[in-house]
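Peer 1: Here is the input, now give the coordinates:
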Amino acid sequence: MNKTLRLAQESAAAIGLEEDGQTGTLFGVRDGYNVVLALSEQSNQLLQVSVSVCQGGQLPDVKTLKAVAKSSKALLGCTVQRFRVTYGIRVGRTKAKTQENIRTALEDLTQFLHQNGFSNCCQQCGTIGETDAYTISGETKQLCPAVLCGPSN
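Peer 2: Residues are numbered from 1 along each chain as shown. A predicted model of the protein is given here:
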């Protein structure tokens, strides 16, 4: 098992997240926002945290979202794909530092989202409200029940 992912998994209970046994991904609600922690697809040494958010029912502003990565010592970079926003998390040289960085990254991110009026939403359709994490074709997605079930007939 990857050392970086193992450290994150060991922190899961302390930070209030659950582990998906099949993928090793961590997910849950942190300070009112649904979050997913996983290894980066580009580097198995980089943890990433993803949220699916909108601002005033609209696609999130990329420039605004990048600001938190600049102000946080624990977050790295920012990518936005429609409603899904992903940040890297700095991995420490020690277990304690990595776990501290995970907690700090989540705190910095959720505080920023609250302060800037972001809401949880489905990463596919943008419907505001609670979502659940689903692994589809090896990728964890934050979807609302309507998207998962498809349109009613």
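Peer 1: Can you report how many residues neighbour the residue lying closest to C122 once chain neighbours are set aside?
Peer 2: Of all residues not flanking C122 in the chain, C144 sits nearest, at 3.8 Å (C-beta to C-beta, 6 or more residues apart in numbering). For the C-beta atoms, the positions are set from N, CA and C on the backbone; glycine is no exception. A count of neighbours around C144, defined by other C-beta atoms under 10 Å, yields 21.
Peer 1: Name the helix or strand for A105, please.
Peer 2: Using DSSP states H and E, A105 sits within helix 95-115.
Peer 1: For that helix, name the packing helices and strands.
Peer 2: Contact analysis of helix 95-115 by 3 or more C-beta pairs under 8 Å, 6 or more residues apart in numbering; DSSP states H and E lists helix 3-15, strand 33-39, strand 47-55, helix 62-71, strand 75-81, strand 84-89 as its packing neighbours.
Peer 1: Quick test: name the residue nearest the centre of the chain.
Peer 2: S50 (2.2 Å; C-alpha atoms, centre = their mean).
Peer 1: Is that residue in contact with E139, as I believe?
Peer 2: No. S50 lies out of contact with E139 (C-beta atoms under 8 Å); the separation is 10.3 Å.
Peer 1: Tell me where this protein is predicted with low confidence.
Peer 2: Scanning the chain for pLDDT under 70 picks out 1-5, 40-45, 148-153.
Peer 1: thinking again about what came up before, who's in contact with the residue nearest to C122?
Peer 2: When contacts are counted by C-beta atoms under 8 Å, 6 or more residues apart in numbering, C144 touches C121, C122, C125, T127, G129, E130, T131.
Peer 1: Wait, the fifth one touches N120, no?
Peer 2: If I follow you right, that is G129. Yes. Using C-beta under 8 Å, G129 is in contact with N120, at 6.6 Å.
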